[in-house]
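>>> Make a model of this:
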Amino acid sequence: MIGKLLLFITVAALAACAEPKYSVPTEAPAPGQKTAALRATWPQSQKQIWLEWETKPGNEEFGSFLLKIGRANLADQSALPEDIDGEVAVVLWMPSMGHGSSPVTVTKADVGTYRASRVFFSMPGDWEIRVQHISNGAVVEQTVFALRL
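Now for the predicted structure:
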């Protein structure tokens, strides 16, 4: 009986750390390194989201990034931020472990531009930065940026 229980616990522990099934994540920038903005799209509204790191989070330090939400400039594909109805939320999630991190603070910085601060990843590995459009207290749509730390 104890042997079966020990085998079950071992298998469950190994399964909990399985490799997540999603696209190859981007690497976080080195401190002080400027990176090109990552881009994704909300599926329903087709609004584009640009994510650009301001400060990379460290082992014991919070980071921050800017989100620009709107449409791409037809001439050069640069961000043309537009306001949205509702709010923007950011959730940090580690799919392979089934948990997130501490809550991220999102503040509006300008038209269609938001600053995500207090970004902290509790351990190395594969993470998701989930950018959500919230309306009337419910998630209307979401996009995910994959990240490897």
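
>>> Quick check: A72 vs I49, distance?
11 Å (Cβ to Cβ, to the nearest Å). Where C-beta positions appear, they are placed from N, C-alpha and C, glycine not excepted.

>>> Neighbour count: the two, which is higher?
I49 (22 against 14; other Cβ atoms under 10 Å).

>>> so how many other residues sit close to I129?
Counted with other Cβ under 10 Å, I129 comes out at 24.

>>> May I have the beta-bridge partners of it?
Beta-bridge pairing of I129 under DSSP bridges involves L92, F145.

>>> neighbours of the residue lying closest to V144 once chain neighbours are set aside, just the number please.
Nearest residue to V144 in three dimensions, chain neighbours excluded: E128, at 4.9 Å (Cβ to Cβ, 6 or more residues apart in numbering). E128 has 19 neighbours, counted by other Cβ under 10 Å.

>>> and the gap between E128 and Q44?
19 Å.

>>> quick one: average pLDDT of stretch 134-149?
Stretch 134-149 comes out with an average pLDDT of 94.

>>> for stretch 54-69, same thing?
90.

>>> Any chance you could list what contacts it?
For stretch 54-69, the surrounding residues in contact (Cβ atoms under 8 Å, 6 or more residues apart in numbering) are 28-31, 33, 37, 47-53, 79, 81-82, 84, 88, 90, 106, 109, 112-121, 131.

>>> Residue ranges in the protein under the pLDDT threshold?
Applying pLDDT under 70 to the chain flags the ranges 1-36.

>>> So for it, the centremost residue is which one?
Centroid-nearest residue in the chain: I129, 0.9 Å away (criterion: Cα atoms, centre = their mean).

>>> still on that earlier bit, how far away is the residue nearest to V144 from W50?
According to Cβ to Cβ, E128 stands 17 Å off from W50.
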